[in-house]
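# Got a predicted structure here, sequence first:
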Amino acid sequence: MKRLILFSFALLLFTRQMQARPNQVTPTPADSIQPNYKVKQAWEVESLVPMFFTGGYHLGLCYRYEKFRFRVSVINGGNYDAEPAGLKNSSSGYKRYYKTSPGFFLGYNLWRNLELYSYLELHTFSIEQKRSGLEKNLHSTDVGAGLSYQFFIGRKFYIQPSGGL
């Protein structure tokens with residue numbers, strides 16, 4: 001009987017405690033996390049993973065401040081022949097390899113993770129004539145604009161397809 005009275009008293013206190021609580025939803029840690037595109041400041045590290053498959057590398061360091069994003073990158077294409085990738089200007093008699101080159105990008109977040117960006121890339125290519133085997137370095141300054149979208153997988157990893165002119 002003592003246990004039943006004690007249990008009833010405890011249940012009564014618990015019920016009174018529940019009624020006395022204000023009717024608020026307490027945010028959980030998951031609710032307090034902002035979407036990635038609303039983050040005020042962030043540092044990002046990027047890489048074009050396919051460059052590693054050709055013996056090269058790409059590394060980009062980005063700083064995001066509100067809707068603006070600034071990126072500095074360095075690229076080396078390894079043994080990737082970029083000549084066939086050209087539009088209306090490729091030649092089957094030559095090979096073109098990316099040598100270590102820097103790039104600078106300035107982006108603006110238009111909507112959610114959709115970014116419009118401009119770039120300045122200071123490329124150095126090693127051009128090889130297939131028939132003779134002669135090689136020469138060619139410097140190119142590329143300026144243009146592009147559009148990209150960041151598809152986030154979790155909070156810290158994203159895939160960013162983009163197209164630039």
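Noted; the coordinates are in hand. Numbering: from 1, shown residues only.

# where does Thr15 land on pLDDT?
In this model, Thr15 is scored at 44, pLDDT.

# ok, which stretches of this protein are helices?
With helices called from DSSP state H, the chain shows them at 2-20, 50-53.

# Touching the shortest one from outside, list them.
Helix 50-53 has contacts (Cβ atoms under 8 Å, 6 or more residues apart in numbering) with 57-58, 75-78, 80. The way it works is simple: take the backbone N, C-alpha and C, and place the C-beta from them, glycine included.

# Highest neighbour count among those residues?
Of all these, Gly77 has the most neighbours under the rule other Cβ atoms under 10 Å, reaching 24 neighbours.

# so how far is Pro35 from Asn113?
Going from Asn113 to Pro35 by Cβ to Cβ, to the nearest Å gives 8 Å.

# Of those two, give the one with the bigger neighbour count.
Counted by other Cβ under 10 Å, Asn113 and Pro35 do not tie: Asn113 has more neighbours, with 16 against 9.

# Skipping its backbone neighbours, what lies nearest the more buried one in space?
Leaving aside its sequence neighbours, Asn113 sits nearest to Gln150 (Cβ to Cβ, 6 or more residues apart in numbering; 4.0 Å).

# residue contacts, that neighbour?
Gln150 neighbours (Cβ under 8 Å, 6+ apart): 36, 113, 115, 158-160.

# And those residues, which is closest to Arg69?
Among the contacts of Gln150, Glu115 lies closest to Arg69 (Cβ to Cβ), at 6.6 Å.

# Now for that closest one: which residues touch it?
69, 107-109, 147-150.

# average model confidence for stretch 67-81?
Here stretch 67-81 scores 90 as its mean pLDDT.

# end to end, how far does that stretch reach?
Taking Cα to Cα, to the nearest Å, the first and last residues of stretch 67-81 lie 36 Å apart.

# Show the model's pLDDT score for the nearest residue to Tyr117 once chain neighbours are set aside.
Closest residue in space to Tyr117, ignoring its immediate chain neighbours: Gly107 at 3.6 Å, by Cβ to Cβ, 6+ apart. pLDDT recorded at Gly107 is 93.

# What is the neighbour count of Gly107?
22.

# and it, what are its bridge partners?
Note on Gly107: beta-bridge partners Arg69, Tyr117, judged by DSSP bridges.

# Hmm, it is touching Leu116, no?
Yes: the criterion here is Cβ atoms under 8 Å, and Gly107 meets it with Leu116 at 6.7 Å.
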